[in-house]
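# Mind looking at a prediction? Sequence and model below.
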Amino acid sequence: MTTDDRKFDKHRILPLAQEAESAAALLAHGIGLVRRIGAIEPSPMFACLAMGAEKLLKLSIGLLSWEMTGAWPSRAEMRDRLGHGIGEMHARTLNELGDRLAEPNISGSAHKTIAALRQEVIDDPIVTFALRALSDYAKQGRFYNLDILAGLNNSHHHPGTDGTNSRRTSSLSTRR
């Protein structure tokens, strides 16, 4: 697939809107589950929140790429390089957005609003903690039991068990 095949045009508006709606619906449903059942049944809650966060971050990365290069990232970039690394995608999005906001030709009220919202996200410790948990779940937890049934030797412990989770605790390095 060439870059020309990934240029943003009117034929991509509907898929973009549908993907944004899907991400919003998954996040809303996940938050609703948190409010209703909390930790009683964490699997559906984590599944919705992780999928919603992953979709939202991939949309953000895609839109930033489209604005800066004129093309959407390739399938290999989105699936193979980014995978389910929600924490890494979060850091990348904040960093690329910061780079874009730092460009001298970007100004105005939208610039100030976006920069302020970006800083709020960077400063919020709950966002970082929540995205790390969702990233762990997306990378390890979703198919943990099925992997065991399939005979895979899981080198990590079951996510969510106190003191035994081999979390990836690399901090999100975001430039300010």
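Thanks, I have it.

# backbone phi and psi for residue 108, please?
Per-residue torsions, residue 108: phi 110, psi -180 (degrees, to the nearest 10).

# so which strand or helix has the residue of the chain most remote from its centre?
The centre of the chain is farthest from one residue, residue 151, which by C-alpha atoms, centre = their mean lies 29.5 Å away. Under DSSP states H and E, no helix or strand contains residue 151.

# ok, it to residue 111 distance?
54 Å (C-beta to C-beta, to the nearest Å). The C-beta positions use only the backbone N, C-alpha and C, and glycine is treated the same way.

# Residue 10 now?
According to C-beta to C-beta, residue 10 stands 27 Å off from residue 111.

# Which one's more surrounded, the two?
residue 111 (13 against 6; other C-beta atoms under 10 Å).

# Restrict the lowest-mean-pLDDT helix or strand in the chain to CA atoms and write it as CSV.
The weakest-scoring helix or strand in the chain, judged by mean pLDDT, DSSP states H and E, is helix 144-149 (a mean of 77). Backbone C-alpha positions of helix 144-149 (Å, rounded to 0.1, in the frame of the first residue of the first chain) are rendered in CSV as follows:
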residue,chain,number,x,y,z
TYR,A,144,-4.6,-15.2,30.0
ASN,A,145,-6.9,-18.1,30.9
LEU,A,146,-7.3,-19.1,27.2
ASP,A,147,-3.5,-19.1,26.8
ILE,A,148,-3.2,-21.5,29.8
LEU,A,149,-5.8,-23.8,28.3
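
# Any idea how far that helix is from the middle of the chain?
24 Å (C-alpha atoms, centre = their mean, to the nearest Å).

# What residues sit buried inside that helix?
residue 144 (16 or more other C-beta atoms under 10 Å).

# and residue 89, how many neighbours does it have?
22.
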